[in-house]
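>>> From the sequence below, what's the structure:
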Amino acid sequence: MKFNEDDRAQRLIDIFPDVNGQINISYVNSTSHVVAWHKHNIQTDHWICLKGSFKVGLATEDGEVKWEYLSDKNFKTLTIPPGIYHGYKALEPNSILMYYLTHKYNPDDEIRAEVGQFLEDWNIKNK
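Coordinates of the predicted model:
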């Protein structure tokens, strides 16, 4: 298991190393940071909010943006297939996101895009 911390979150990475794929947990202390955008060509992500809430952005190459909300008040798993840009913003301080990746993280399978590339508005609140 590895630990990584930056200005966006604290992360426990590959918490069960014998699992096919990878399970990670992010502790997001701030509601001011947007962690976006990136996509994968091979890997599928499965996300669940364990504490707090998140606004999740999903974007396609043609610029269509869809919003999903994850919360500890309404548990659900969000599946993000390959080819979909994705990112998140915590809506509450000290929110926790757990995610299962179908493949071990490979930086060669990650394509990044800048926040704002899809003309998205991260400030719209959950309704």
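>>> what about the strands in this structure?
2-5, 10-13, 22-28, 35-40, 45-51, 53-59, 65-71, 78-80, 85-90, 95-101, 110-112 (DSSP state E).
>>> Pick the most deeply packed of those.
Mean neighbours per residue, mean count of other C-beta atoms under 10 Å, is largest over those for strand 85-90, with a mean of 23. Just so you know, the C-beta spots here come from the backbone N, C-alpha and C atoms, and that holds for glycine as well.
>>> so what does that strand touch, helix or strand wise?
Counting contacts by 3 or more C-beta pairs under 8 Å, 6 or more residues apart in numbering; DSSP states H and E, strand 85-90 packs against strand 35-40, strand 53-59.
>>> Export these as CSV, with columns for mean pLDDT and distance to residue 69.
Shown next, in CSV, are the helices and strands packed on strand 85-90 (pLDDT from 0 to 100; distance: least, C-beta to C-beta, whole Å):
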stretch, mean pLDDT, distance to residue 69
strand 35-40, 96, 15
strand 53-59, 97, 6
